[in-house]
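Asks: The sequence isn't on hand, but the structure is:
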Ligand SMILES: [Zn+2]
């Protein structure tokens, strides 16, 4: 796609990334994501609109609150940069602009889910349900714009198959994975399935490889026990995003094996 599309996607990504920061902060504490407006955690001073420009304000204020000078953790700026970068990559890699809304939604949601899972070791179901509820109509938009109606069927089957496989895994390996992983797997399978069944297989393989390597190293170093639960969500999310972005070469490599 054109540089303009990537630039617009990047700016949207920074703004959505700012909202991702609010979600990561408030959803685990079961607080509203719309009110109250953003405020300093140290002095409770409301953050003015001109101090709430993604990344720019953080740099200009040198990571400090304008009212009390308290240090602002860089996490929110990192979430903004991460979301913005993923939106640019989506604009760069996806074949049609019609696919962008659905997969940018997926990227933003996965940044939030990964950040929360890494910190709290759980995947909040409201984010997974909201992504599925918003993602379904956006995949219809993608299908309509690209005239790929069969993609919707493979998305449905991919999502159901991934959910069923992880559901079985959940019962086969007690305490191995959480039920949050089962729901997340269904979401990953649905979005990957939109591109085709091979993407579902490759996406989960990449996720297992990304998750497996550190786990094997830690097991070998006896830093963790075999029973230790690892936050699997970020790896599942990473495998899906990597496969959406690097899809065709990865899938062709898989087809040659
Ligand atoms: Zn303050």
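Replies: Ah, there it is. Everything quoted here is computed from the prediction, not taken from an experiment.

Asks: Torsion angles phi and psi at residue 71?
Replies: phi -70, psi 130 (degrees, to the nearest 10).

Asks: Burial check on it, number of neighbours?
Replies: 10 (other Cβ atoms under 10 Å). Quick note: C-beta positions are derived from backbone N, CA and C, even for glycine.

Asks: Quick check: residue 42 touching residue 65?
Replies: Yes - counting by Cβ atoms under 8 Å, residue 42 touches residue 65, with 6.2 Å between them.

Asks: Compare the two and say which one has the larger neighbour count.
Replies: When residue 42 and residue 65 are compared for neighbours, residue 65 comes out ahead with 18 against 14, by other Cβ under 10 Å.

Asks: Number of residues surrounding the nearest residue to the more buried one once chain neighbours are set aside?
Replies: Spatial nearest neighbour of residue 65, chain neighbours left out: residue 40 (4.4 Å); criterion: Cβ to Cβ, 6 or more residues apart in numbering. Residue 40: 18 surrounding residues under other Cβ under 10 Å.

Asks: For residue 40, give its distance to residue 52.
Replies: The gap separating residue 40 from residue 52 is 11 Å, by Cβ to Cβ, to the nearest Å.

Asks: For the helix or strand hosting residue 58, which helices and strands make contact with it?
Replies: If you go by DSSP states H and E, residue 58 is part of helix 56-60. Where contact means 3 or more Cβ pairs under 8 Å, 6 or more residues apart in numbering; DSSP states H and E, helix 56-60 is packed against helix 75-93.

Asks: Could you pick out the residues of this structure near the ion for me?
Replies: Residues of the chain lying near the ion by Cβ under 5 Å from the ion: 40, 42, 43, 45, 65, 67, 68, 70.

Asks: tell me the contacts of the second one?
Replies: Contacts of residue 42 were listed using Cβ atoms under 8 Å, 6 or more residues apart in numbering, and they are 65, 68, 70.

Asks: now those residues as JSON lines including secondary structure?
Replies: Supplementary listing: the contacts of residue 42 in JSON lines, determined by DSSP: H, G, I helix; E, B strand; the rest coil:
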{"residue": "65", "secondary structure": "coil"}
{"residue": "68", "secondary structure": "coil"}
{"residue": "70", "secondary structure": "coil"}
